[in-house]
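Participant: Everything below, folded, please.
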Amino acid sequence: MDRLKNRSDFLRAARGVRRVTPGLTLEICDNKEAASIRVGFTASRKIGGAVVRNRAKRRLRAAAAAVLPLSGVAGTDYVLVARPGTVERPFESLKADLVQALRAAHLKLGRAGDAN
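Facilitator: Numbers count the residues shown, from 1 in each chain. Reported below is the predicted structural model:
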């Protein structure tokens, strides 16, 4: 998995398909130039201070590392956005939220993701 780091990549994903779950918001879009899965993480100040935002992003990175290699589709950009429940939510529920969001988003995009 590669990382999204440019603002333009995050904005392109925000214009794509968005799915909201209690633990996270998933934004995805096609990326014809990349043959791999690219993923980015974000947490706004609405989530809390720097410590809380960093903890939320660490949890999102761990969930993505566990789920995206199995359920992600190459040539797609994924952005995981922290929500207020990201930090308190049990990790297994956070992973289940990501799987659920991936299934719904892949259906909307018409991708054949095998989200387990």
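Participant: What distance do you get for the residue in the chain sticking out farthest from the centre to V79?
Facilitator: Going by C-alpha atoms, centre = their mean, the residue of the chain most distant from its centre is G49, 20.9 Å out. Going from G49 to V79 by C-beta to C-beta, to the nearest Å gives 22 Å. Placement of C-beta: from N, CA and C, glycine included.
Participant: Check whether K46 really touches A82, as I assumed.
Facilitator: No - with contact defined as C-beta atoms under 8 Å, K46 does not reach A82; the gap is 9.2 Å.
Participant: Need the residue closest to the centroid of the protein.
Facilitator: Note: the chain centre (C-alpha atoms, centre = their mean) maps to L80, 2.8 Å.
Participant: For the residue nearest to that one when sequence neighbours are not counted, list the residues it contacts.
Facilitator: Of all residues not flanking L80 in the chain, L60 sits nearest, at 4.5 Å (C-beta to C-beta, 6 or more residues apart in numbering). Counting by C-beta atoms under 8 Å, 6 or more residues apart in numbering, L60 makes contact with 24, 41, 43, 80, 82, 86, 94.
Participant: Surely the last one is in contact with P22?
Facilitator: Read that as L94. No - the criterion here is C-beta under 8 Å, and L94 misses it with P22 at 9.1 Å.
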